[in-house]
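J.: Pasting the sequence and the predicted coordinates here, then a few questions.
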Amino acid sequence: MKTETAQTQQGVMSQLGQRMAKGSFWANKLKSWLWIFVRSVLICGISFIILYPILIKVMIAVKDPIDMYDATVVWIPKHFTLDNFALVSKALNYPKILLNTVLLSGLVMLLQTFSCVLAGYGFSRIKFRGSGLLFGCVIFTILVPPQTIMIPTYLQYKNFDVLGLISLIQGQPSNLINSYWPFIISSMLGMGLKTGLFVYIFRQFFRGIPKEMEEAALVDGSGTFGTFIRIILPNAIPSVVTVMLFSFVWQWNDSFFTSMILNDAKVMSSMLSTAGAQILFFLDTPGASSKPDPLYLSMIQNTAVLMAILPLIIMYLFVQRHFVESMERSGVVG
Amino acid sequence: MKLPKFGLTLHQKQKYKGVWFILPWFAGFIFLFLIPLINSLRYSFSTLKVDETGFSIYNAGWSNYKNALFQNEHYVRTLTESLLNMVINVPLIVIFSLFAAVLLNQKFKGRGLARAIFFLPVILASGIIASIESGDYMQSVIKNASSSTSGEFAMFQNLQLAKLLYQSGVNHYIVEYLVGAVNRIYQIVTASGVQILIFVAGLQSISGSLYEASKIEGATAYESFWKITFPMISPLILTNVLYSIIDNLLTSPTTRQIRDTAFKNFQFGLSASMAWIYFIIISIFLWLVAVLISRKVFYYD
């Protein structure tokens, strides 16, 4: 028994030796090592390109103003400080803006996901003359640039009225500009930012869920909406997660609608566009004749940008693992 | 008494019950999309005067369109610039994201980290951050300092690359394109987050048995990419091309100009006509691209 195993072992060893003696073995080995090397270089390089702006901002943000004119300091500062963060937080009223942004993005995310889930499910189930045309409308909303309907939308919210009801009660249409209502209304009705895409994702996903499941629930005495809540939604969690992520992030980053509707800087993205002027105003002490140093100003502005995206990055660290998985199962690719 | 049987069968009911789910979306479509769209078309043919009580509309015929196309000194130039940018960038974005997705789909150490970094642009790609970045004082100081310490080596390398390509007899325009692409690598990488995500998800859904079978038949990695991966992923190439075009155009200079015309110069009619010209050109372009690519697309099912 023992000798047998020893023999087979010997056989394996000699085979390996024969293989190693061949040139093609080493050529293959070399080729695969070369590929691994090239791949690593590429991945590191591209990662660096992506991370570079964030790194540069972090380095600027933790730099003490003393280091600004030190020629030996390029990347890593000699004096670390968190004063810049404190200053931005005071000058821009950061905690309040953060709260506003989180609330707005969260609310929009929930409403948008809900209305799009409903619409997506509906589109996956209807089948009558003209239903294809109706879904064509969804695609149409994706294709039309928001700039095309920008002015009428603005005027509509400025003189907001539902079938003349509000002017009947108030005597005049209400002005919704500078409030959160336009966001709430548009996301509730599934017409917010890029919602056509979300409806499309959900419809693709629900088409993959067999109808027999609903029929079984129906036979067991569940109503249409009960089936939807208890059977369909729990199955749709991967795509719901994807849509929620995108909805939250895009609302957070959106400057087009927020700058159009919210005139005062109330949320993160509209804050960034006015950050420079606001910081200048904050630093401008009355009585002082000299203007603030532009280099210092730029440093503070960099800190502001970093602080605006920092919550997103932190959130991303927790959810990025689900990104690929949910995208794969959300039906976009199938 | 037996009620007369009227109504629908289960399947017929199911066909129509979906309508209830669509209703909120449909209301939004009518009130927040279709009516503004028609209004916008109407505004583009008229002059708007906004005052405290509301606004009044005067018919202006085609004058807004004439103004945008023949009188406005910026519009046509910005429009061609936006379109040209798009035509140059979109192929690069799609090729780069396919390449990155193939890289990220292989097994190696630290793949999770690499993926996390590559998808970061999904979150950070926003117009406002980029626009602040480009004109920033402090960052340019640092960049200058870094490039002076490393001896302008980025520029130097590009020249080398161009020289190498010229000498190997590559067409002049292709060399220019490639060198330009290398210079704009940051722009391309940050614009391709979602595309990489879609491609990676698509690559993972290709069944491994196809590759196994081809390997047994003696196909090399290169062959199996062009014979398996590429056809299987071609529907997603179409999706990604269309997505990139739309995404690219949302942040183009033209959209900025349309907005400024409306909210800085208060020429609502002119802005609406600009937006319509833009929309029509985009639709024609999208349609052309979709028709051309979908001929080559391979559907597995």
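T.: On my side now, so go ahead. Numbering: from 1, shown residues only, chains lettered A, B, ... in the order given.
J.: count of neighbours near residue 232?
T.: In the absence of a named chain, chain A is used. A total of 18 residues lie near A:I232 under the criterion other C-beta atoms under 10 Å in any protein chain shown. C-beta here means a position set from N, CA and C on the backbone, and glycine is covered the same way.
J.: wait, chain B
T.: If we define neighbours as other C-beta under 10 Å, then B:M232 has 18 of them.
J.: For the helix or strand encompassing it, name the packing helices and strands.
T.: Using DSSP states H and E, B:M232 sits in helix B:230-250. When contacts are defined as 3 or more C-beta pairs under 8 Å, 6 or more residues apart in numbering or on different chains; DSSP states H and E, helix B:230-250 packs onto helix B:75-105, helix B:193-204, helix B:268-296.
J.: how far off helix B:193-204 does the first one point, in degrees?
T.: With axes from the mean of the first three to the mean of the last three C-alpha atoms, to 10 degrees defining the directions, helix B:75-105 sits at 40 degrees from helix B:193-204.
J.: got the angle for helix B:75-105 vs helix B:230-250?
T.: Using the same axes, to 10 degrees: helix B:75-105 against helix B:230-250 is 140 degrees.
J.: Could you give the separation of helix B:75-105 from the chain centroid?
T.: 8 Å (C-alpha atoms, centre = their mean, to the nearest Å).
J.: How about it and chain A, touching?
T.: Yes: residues of helix B:75-105 are located near chain A by C-beta under 8 Å from any C-beta of the partner chain, namely B:A100, B:L103.
J.: Run the angle between the helix or strand following that helix and helix B:193-204 for me.
T.: Note on helix B:75-105: by DSSP H and E, the next helix or strand toward the C-terminus is helix B:111-118. Using the same axes, to 10 degrees, the inter-axis angle of helix B:111-118 relative to helix B:193-204 is 150 degrees.
J.: re earlier: so for the helix holding B:M232, what gets flagged as buried?
T.: B:232-249 (16 or more other C-beta atoms under 10 Å in any protein chain shown).
J.: buried stuff in stretch A:181-200?
T.: Neighbour counts over stretch A:181-200 (16+ other C-beta under 10 Å) mark A:182-200 as buried.
J.: Between its first and last residues, how far does that stretch reach?
T.: By C-alpha to C-alpha, to the nearest Å, the extent of stretch A:181-200 from end to end equals 25 Å.
J.: Quick one: mean pLDDT for it?
T.: For stretch A:181-200, mean pLDDT is 86.
J.: For chain B, what's its nearest residue on the stretch 151-300 of chain A.
T.: Chain B sits closest to A:L189 of the stretch 151-300 of chain A, with a gap of 2.7 Å, by C-beta to the nearest C-beta.
J.: ok, that residue - contacts?
T.: A:S115, B:P24, B:W25, B:A27, B:G28, B:F31, B:L32 (C-beta atoms under 8 Å, 6 or more residues apart in numbering or on different chains).
J.: how about the nearest residue to it, chain neighbours excluded?
T.: Spatial nearest neighbour of A:L189, chain neighbours left out: B:G28 (2.7 Å); criterion: C-beta to C-beta, 6 or more residues apart in numbering or on different chains.
J.: and that neighbour, what element?
T.: Per DSSP H and E: helix B:10-28 holds B:G28.
J.: Tell me where the stretch 201-334 of chain A has strands.
T.: Assigned by DSSP state E, counting those that start in this stretch, the stretch 201-334 of chain A shows no strands.
J.: show me where it has helices.
T.: With DSSP state H, counting those that start in this stretch as the criterion, the stretch 201-334 of chain A has helices at A:211-219, A:224-227, A:233-235, A:237-253, A:256-261, A:268-283, A:294-319, A:321-329.
J.: Can you flag the weakest of those helices by average pLDDT?
T.: helix A:321-329 (a mean of 67).
J.: re earlier: among the helices and strands packed on helix B:230-250, which is the most enclosed?
T.: For these, the largest average neighbour count (mean count of other C-beta atoms under 10 Å in any protein chain shown) is found in helix B:193-204, namely a mean of 23.
J.: Measure how far it is from the centre of its chain, please.
T.: Here helix B:193-204 shows a centroid-to-chain-centroid distance of 15 Å under the convention C-alpha atoms, centre = their mean.
J.: How far does stretch B:225-233 stretch from one end to the other?
T.: First residue to last in stretch B:225-233 (C-alpha to C-alpha) measures 10 Å.
J.: How about stretch A:169-188?
T.: OK, stretch A:169-188 end separation, C-alpha to C-alpha: 23 Å.
J.: before we move on, what about stretch A:186-202?
T.: End to end - C-alpha to C-alpha - stretch A:186-202 spans 18 Å.
J.: Same question for stretch B:174-193.
T.: 25 Å.
J.: likewise stretch A:260-275?
T.: End-to-end distance (C-alpha to C-alpha), stretch A:260-275: 17 Å.
J.: now stretch A:213-232
T.: Note: stretch A:213-232 ends 9 Å apart using C-alpha to C-alpha.
J.: sorry, back to before: and the helix or strand just after the helix holding B:G28, what's buried?
T.: Counting by DSSP H and E, the next helix or strand C-terminal to helix B:10-28 is helix B:35-44. Within helix B:35-44, the residues that count as buried by 16+ other C-beta under 10 Å are B:P36, B:L37, B:N39, B:S40, B:L41, B:Y43, B:S44.
J.: Next secondary structure element downstream of helix B:35-44?
T.: Immediately after helix B:35-44, counting by DSSP H and E, sits strand B:46-50.
J.: Just want the angle from that following strand to helix B:268-296.
T.: Using the same axes, to 10 degrees: strand B:46-50 against helix B:268-296 is 130 degrees.
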